[in-house]
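Visitor: Turn this into a model:
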Amino acid sequence: GEVLVCDMAPGKESHASVSYLPERTCIPTWMSVKQLLDFYGDFYRDFNRKAAEEMLTHLNIRLTQRIKQMSKGTREKVQLIVRFLRGSIHYFVVALLCACLGMVFNALTPQVIRLTVDSILGAEEPSLPAFLQPLLPLLQAQKLHALWLAAAAVLLLALLRGFCNYGQRTQLSRGSESFVKRIRDGLYDHIQHLSFSWHTAHSTGEIIQRCTSDVDVIRTFVCNQLVEVVRTVFLIILYLVIMFRMNVRLSFVALAFIPIVGLSSGVFYRRISGRFQAADEAEGDLTTCAQENLTGVRVVRAFGRERFETDRFCEKNEKFASLWIRLGRLLSVYWASGTLLTCLQVMVIIVCGIVESVHGNMTLGEFLAFISYNEALSWPVRSLGRVLSDMSKAGVSLDRVGYILRAPEEKDAPEAAPHLSLIHI
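Guide: Residues are numbered from 1 along each chain as shown. Alright, predicted model coming up:
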């Protein structure tokens, strides 16, 4: 006979349409992660290398690390990422481009305010780029027209930033949904081929929870946190470059708070990961208890076991609620400490900026622009900790979803009868 894959003979064309996660590690263990990405990039034209590198960064997997040096769980995460990220590269590239352009337009607004305060309302000599030099006589001669021009520039930048945000969200939604669709399709198809013993050992509620809640956590990670990290890193670099060009000493003061916030985020990241996994497993137990009672309600009522089942559900519900309350307390401490550091940074920058302005080291417009940059910089740095905490949840969810995909499928014996077909009579 003849074997065809998608109506094609096995070869390059059929390989481009096949993607799977094997039970055992099939990639060469002597390769580093970077070499593995090069390998996938050579074989698959739709492989999303950029998104894969970002997810590997979030999962603390170094590109120089060799496969044989990784733990079994880390190897499975790498395989899971490179499997499902194929076919979405153009969506993520456009989304990242829009996010970076939006940051550039947002960074130009304080410069317009600086120019307005120093050169239009004040007496400072305006400094403009070469392509804006023809506007210099207008700024110096007609103050009212210059004010209208500055207002129009702010409005134009806001419109451009809005278009970039729209493009980022639409393209990111398409890319993330196509990514999650592959996960759902793969889970559904794989579960259909698992053995009866596997289904007996795992409750329906647990399977449903892994295929719904955990997949949603992964979707949030890919759709929001993935681009947020790139956007935050780009914003920090861009704003620090501008701030250092304006005032070096004040920029070092702002820079000193970034490692403090990052260190506190790393400490909380480790604790949040463990507590979230315990709460996630408790949610699976609660879902299982509810599902069993809903499907077997007649048996429960026939044997008069209502009180017993109610007490069992209340016990699991109490455990589930207490775990999430503990996690909420830890998140409250994290956010409170982050707010304290952010407010402290703003206060220190304002005090130091006033001192610099009084001594004539920076103009009033530069002081206002620097305050705007520092304010815009403090929130993304703080939100980076939130992304790290959510990243820990995504790592747990990747493990739980990968557990299903790693389960071996049931194989028919060679002497098994062919599948029966139902005929409508």
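Visitor: From here on, just use CA atoms for contacts and neighbour counts.
Guide: OK.
Visitor: Give me the mean pLDDT for the longest helix along the chain.
Guide: Determined from DSSP state H, the single longest helix within the chain is helix 306-358. Averaged across helix 306-358, the pLDDT comes to 84.
Visitor: Please apply the same query to stretch 239-259.
Guide: In this model, stretch 239-259 has an average pLDDT of 85.
Visitor: With stretch 143-159 instead?
Guide: Computed over stretch 143-159, the average pLDDT equals 84.
Visitor: change the start of the numbering to 13 and stick with it
Guide: Will do, 13 is the new start, and the previous item becomes stretch 155-171.
Visitor: and that stretch, C-alpha only, in CSV?
Guide: C-alpha atoms of stretch 155-171 as CSV (Å, rounded to 0.1, in the frame of the first residue of the first chain):
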residue,chain,number,x,y,z
LYS,A,155,4.3,82.9,20.7
LEU,A,156,0.5,82.3,20.3
HIS,A,157,0.9,80.4,17.1
ALA,A,158,3.8,78.4,18.6
LEU,A,159,1.5,77.4,21.5
TRP,A,160,-1.1,76.1,19.0
LEU,A,161,1.6,74.3,17.2
ALA,A,162,2.8,72.6,20.4
ALA,A,163,-0.8,71.6,21.3
ALA,A,164,-1.2,70.1,17.8
ALA,A,165,2.0,68.2,18.2
VAL,A,166,0.8,66.7,21.5
LEU,A,167,-2.5,65.7,19.9
LEU,A,168,-0.7,64.1,16.9
LEU,A,169,1.5,62.1,19.1
ALA,A,170,-1.5,60.9,21.1
LEU,A,171,-3.2,59.8,17.9
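Visitor: how far off helix 318-370 does the helix or strand that the longest helix of the chain is followed by point, in degrees?
Guide: Following helix 318-370 in sequence order, the next helix or strand is helix 376-418 (DSSP states H and E). Orientation check (axes from the mean of the first three to the mean of the last three CA atoms, to 10 degrees): helix 376-418 against helix 318-370 gives 150 degrees.
Visitor: Does helix 376-418 pack against any helices or strands, and if so which?
Guide: Packing contacts for helix 376-418, counted by 3 or more CA pairs under 8 Å, 6 or more residues apart in numbering; DSSP states H and E, involve helix 84-96, helix 101-127, helix 155-204, helix 216-232, helix 238-258, helix 260-307, helix 318-370.
Visitor: tilt between that helix and helix 216-232?
Guide: Relative orientation of helix 376-418 versus helix 216-232 (the same axes, to 10 degrees): 150 degrees.
Visitor: Run a quick check on residue 255 versus residue 261, I expect a contact.
Guide: No. Using CA atoms under 8 Å, residue 255 is not in contact with residue 261; the gap is 9.8 Å.
Visitor: okay, now residue 297: neighbour count?
Guide: Using other CA atoms under 10 Å, residue 297 has 22 neighbouring residues.
Visitor: Give me the nearest residue to it, chain neighbours excluded.
Guide: Leaving aside its chain neighbours, residue 297 sits nearest to residue 218 (6.6 Å; criterion: CA to CA, 6 or more residues apart in numbering).
Visitor: For the one you found, give me its contacts.
Guide: 296-297, 299-300 (CA atoms under 8 Å, 6 or more residues apart in numbering).
Visitor: From residue 413, how far off is it?
Guide: Distance, residue 218 to residue 413, by CA to CA, to the nearest Å: 11 Å.
Visitor: same check, this time on residue 176
Guide: 33 Å.
Visitor: Wait, residue 252 touches residue 263, no?
Guide: Yes. The criterion here is CA under 8 Å, and residue 252 meets it with residue 263 at 7.1 Å.
Visitor: Need the phi and psi values for residue 206.
Guide: Here is the backbone geometry of residue 206 (degrees, to the nearest 10): phi -80, psi 160.
Visitor: what's the pLDDT at residue 281?
Guide: pLDDT, read off for residue 281, is 67.
Visitor: ditto for the one 5 residues further on
Guide: The predicted local distance difference test score for residue 286 is 70.
Visitor: Ok, the one 4 residues further on next?
Guide: Looking at residue 290, its pLDDT is 77.
Visitor: give the contact list for it.
Guide: residue 335.
Visitor: Against residue 408, how distant is residue 105?
Guide: 26 Å.
Visitor: Save the helices and strands packed on helix 376-418 as JSON lines, and put in distance to residue 78 too.
Guide: Formatted as JSON lines, those follow (distance: least, CA to CA, whole Å):
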{"stretch": "helix 84-96", "distance to residue 78": "10"}
{"stretch": "helix 101-127", "distance to residue 78": "25"}
{"stretch": "helix 155-204", "distance to residue 78": "26"}
{"stretch": "helix 216-232", "distance to residue 78": "25"}
{"stretch": "helix 238-258", "distance to residue 78": "24"}
{"stretch": "helix 260-307", "distance to residue 78": "24"}
{"stretch": "helix 318-370", "distance to residue 78": "34"}
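Visitor: ok, residue 202 to residue 355 distance?
Guide: 50 Å.
Visitor: Equivalent analysis for residue 122, please.
Guide: Going from residue 122 to residue 355 by CA to CA gives 20 Å.
Visitor: Neighbour count for those two, which is higher?
Guide: Neighbours per residue, other CA under 10 Å: of residue 122 and residue 355, the larger number sits with residue 122, 20 against 13.
Visitor: quick one: that one from residue 379, how far?
Guide: 10 Å.
Visitor: go on, residue 323?
Guide: Residue 323 sits at a distance of 63 Å from residue 379 (criterion: CA to CA).
Visitor: Neighbour count for these two, which is higher?
Guide: Neighbour comparison, residue 323 and residue 379: the larger count goes to residue 379, with 21 against 11 (by other CA under 10 Å).
Visitor: Pretty sure residue 363 is one of the things the more buried one touches, is it not?
Guide: No. Residue 379 is beyond contact range of residue 363, at 10.9 Å (criterion: CA under 8 Å).
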